[in-house]
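> no FASTA, just this:
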């Protein structure tokens, strides 16, 4: 215990071993769905589903371990949602490329990110983002993950007439998940109000148990302790098309989305946790970005799509996680998941969705730090906030926030507020729209 105290400086970060371990388990439980969803998505390309499950858990465990031991920050990583869909449905099914081609693009992306991080380019980008946009990113992520939670629970559903609508929250016959999620939400909220330690994790457990009589939680039919082999997909790269235009387009998209998803998550969660330094920077950000780059490179080798920092890390931070011990705990959980996959995969979305919704509440608090008296600051911040849930993308929210920041400052004669990096990013954003 003393080693953990000294290595992660728990007292200095006003935390303890118990809090950090609980936070790590909570983070894992809110993102464990990726172990089921990622294989489902990538298997449409012809990849072996069992092998993808193992690759997903391994890449998450390794990347999160690097975050824990090197960056010492409470963030977990895994193959990212959105990026896996682009891999499967756009690159493979849409453009007609093999999954080996897509894995090669992910591998090259990882190598480029390692170089960009080594030369501090990604760190320069993060530090160049204006402070009001940084706070707005946290708020936007809050809305975004709350929407994910509401959607996963079936409380909010897609509707052609109104885009979104209220689901059938009391329809016990066809789908009791929304009701289970709402009850779990109330119970977890009461636990938070009463300052019960581990409230979010307890809420997940309650939701899982509550789902049993309603048929929302399904007990595993059997337990397979040995993880599936990754041999069918490990190291299967395709080098003969790396100089093509298609590879350039795919690589740029992977780079762009991954960079700004990670940047947004790091900024948003650290801002919420009060971990930004006095000059509004993320502590040990270079090491955190290395974890992302190494995770992506390793993940492509074992056979999965781009690895990124998960916004669900905010759940662990909400439980009090402040150091790499939280990430270490989450990493160990991913290793355990390799051997206990049926147990972890039985947790339904109705049990994890309330946690995402409540974390959205927690992420919303930095809105009080945004300067709303200056429209050249508040309008870009507003765009960053609303475009995340409305486009279902952290990256697009950052793009609209930063583009409006530069354009409004430039056209209103406040060009001195714009850094050179912001000008360069604006050009790149505009180029991205035309690709």
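Done, it's in. If you're wondering where the values come from, they're calculated on a predicted model, not measured in any experiment. Numbering: from 1, shown residues only.
> so residue 126 sits in a helix?
Yes - counting by DSSP: H, G, I helix; E, B strand; the rest coil, residue 126 falls inside a helix.
> thinking it is in contact with residue 285, fair?
Yes - between residue 126 and residue 285 there is a contact at 5.7 Å, judged by C-beta atoms under 8 Å. C-betas here are computed from N, CA, C, even on glycine.
> where exactly do the helices run in the stretch 201-350 of the chain?
245-273, 285-302, 313-318, 324-339, 341-345, 349-363 (DSSP state H, counting those that start in this stretch).
> show me how far the third one is from its chain's centre.
Same thing as helix 313-318. Counting by C-alpha atoms, centre = their mean, to the nearest Å, helix 313-318 is centred 11 Å from the centre of its parent chain.
> again with the longest one
In terms of C-alpha atoms, centre = their mean, the centre of helix 245-273 is found 10 Å from the chain centre.
> coming back round to it: tell me which of the helices of the stretch 201-350 of the chain lies nearest to residue 417.
Checking the helices of the stretch 201-350 of the chain against residue 417 by C-beta to C-beta gives helix 245-273 as the closest, at 18.5 Å.
> returning to what we had before: what residues do residue 126 and residue 285 have in common as contacts?
Here residue 126 and residue 285 have residue 266 as joint contacts, going by C-beta atoms under 8 Å, 6 or more residues apart in numbering.
> next, count neighbours for residue 23.
30 (other C-beta atoms under 10 Å).
> so it sits right up against residue 326, yeah?
Yes - using C-beta under 8 Å, residue 23 is in contact with residue 326, at 4.3 Å.
> what touches both of these two?
Joint contacts of residue 23 and residue 326 (C-beta under 8 Å, 6+ apart) are 74, 316-317.
> tabulate these (CSV), appending pLDDT, distance to residue 32 and neighbour count.
Formatted as CSV, the shared contacts of residue 23 and residue 326 follow (pLDDT from 0 to 100; distance: C-beta to C-beta, whole Å; neighbours: other C-beta atoms under 10 Å):
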residue, pLDDT, distance to residue 32, neighbour count
74, 94, 17, 34
316, 90, 13, 35
317, 89, 17, 25
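> residue ranges with poor pLDDT in the protein?
The chain contains residues with pLDDT under 70 at 345, 435.
> from the centroid of it, which residue is nearest?
Taking C-alpha atoms, centre = their mean as the criterion, residue 310 is the residue nearest the geometric centre of the chain, at 2.2 Å.
> how far away is it from residue 38?
Going from residue 310 to residue 38 by C-beta to C-beta, to the nearest Å gives 12 Å.
> need the residues touching each of these two.
Joint contacts of residue 310 and residue 38 (C-beta under 8 Å, 6+ apart) are residue 78.
> so residue 144 touches residue 394, yeah?
Yes - counting by C-beta under 8 Å, residue 144 does reach residue 394; the two are 6.4 Å apart.
> can you list residues touching both of the two?
Common neighbours of residue 144 and residue 394 (C-beta under 8 Å, 6+ apart) are 311, 388.
> pull out the buried positions in stretch 378-393.
Within stretch 378-393, the residues scored as buried using 16 or more other C-beta atoms under 10 Å are 378-390, 393.
> before we move on, the earlier item: between residue 144 and residue 394, who's got more neighbours?
residue 394 (30 against 26).
> thought that one was touching residue 139?
No - with contact defined as C-beta under 8 Å, residue 394 and residue 139 do not form a contacting pair (11.9 Å).
> how far does stretch 154-168 sit from the chain's center?
Taking C-alpha atoms, centre = their mean, one finds stretch 154-168 lying 24 Å from the centre of the chain it belongs to.
> buried residues of it, list them for me.
By neighbour count on 16+ other C-beta under 10 Å, the buried set for stretch 154-168 is 154-156, 167.
> could I get these as a markdown table with distance to residue 206 and secondary structure?
Formatted as a markdown table, these follow (distance: C-beta to C-beta, whole Å; DSSP: H, G, I helix; E, B strand; the rest coil):
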| residue | distance to residue 206 | secondary structure |
| --- | --- | --- |
| 154 | 18 | coil |
| 155 | 17 | coil |
| 156 | 22 | strand |
| 167 | 21 | coil |
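> from the residues you listed, which is closest to residue 343?
Closest to residue 343, out of all of those and judged by C-beta to C-beta, is residue 154, at 23.6 Å.
> does the closest one touch residue 178 like I think?
Yes - Residue 154 is in contact with residue 178 according to C-beta under 8 Å; the separation is 4.4 Å.
> need the overlap of contacts for those two.
167-169, 350.
> which of the helices of the stretch 201-350 of the chain sits closest to residue 207?
That would be, of those and by C-beta to C-beta, helix 349-363, which comes in at 3.0 Å.
> so what's the gap between that closest one and the chain middle?
On C-alpha atoms, centre = their mean, the centre of helix 349-363 falls 14 Å from that of its chain.
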